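Undergrad: Pasting the sequence and the predicted model now:
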Amino acid sequence: MKKILLVCAAGMSTSLLVNKMNDAAKEKGVEIDILALPISQCESVASEVDVVLLGPQVRYQKPQVDTIIDGRVPVEIIDMRDYGMMNGKAVLEKALSLIE
């Protein structure tokens, strides 16, 4: 099972995106585990994830996340439009494409 980490600020809007991504994964028949955590908790799961996506509101923290991940897996910023529209399908597709 693939594991996606979404890095967020407080996690309220990101948890909604997680739900939308889980719905999209079910439709697609993909088994996936999606976590949404603030950057302060990233290090605790850094070795367990296959890709890290940052919410647009924390894009400035990408260098810090890059340091934590140390090149082990892809780290990208979620498209602002997809995030704003809570387009779980598009964000899931992006994550899956980065994993492969």
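TA: Everything's here; your move. All of these numbers come straight from a predicted model, not from anything done at the bench. Numbers count the residues shown, from 1 in each chain.

Undergrad: Can you show me the strands along the chain?
TA: For the chain, strands defined by DSSP state E occupy the ranges 2-8, 32-38, 51-54, 75-77.

Undergrad: Run through who's touching the first one.
TA: It refers to strand 2-8. With C-beta atoms under 8 Å, 6 or more residues apart in numbering as the test, strand 2-8 has contacts from 14, 17-18, 21, 30-39, 42, 45-46, 48-55, 57-58, 61, 65, 78, 92, 95-96, 99. All C-beta atoms are positioned from the backbone trio N, CA, C, and that covers glycine.

Undergrad: give me the number of residues near residue 42?
TA: Other residues near residue 42 come to 21 when the count uses other C-beta atoms under 10 Å.

Undergrad: what's near enough to touch it?
TA: For residue 42, the contact set (C-beta under 8 Å, 6+ apart) comprises 5, 7, 52, 65, 68.

Undergrad: would JSON lines of the residues you listed with pLDDT, distance to residue 87 and neighbour count be doable?
TA: JSON lines is the format used below for those (pLDDT from 0 to 100; distance: C-beta to C-beta, whole Å; neighbours: other C-beta atoms under 10 Å):
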{"residue": "5", "pLDDT": "96", "distance to residue 87": "18", "neighbour count": "26"}
{"residue": "7", "pLDDT": "93", "distance to residue 87": "18", "neighbour count": "28"}
{"residue": "52", "pLDDT": "97", "distance to residue 87": "19", "neighbour count": "28"}
{"residue": "65", "pLDDT": "95", "distance to residue 87": "22", "neighbour count": "21"}
{"residue": "68", "pLDDT": "94", "distance to residue 87": "26", "neighbour count": "19"}
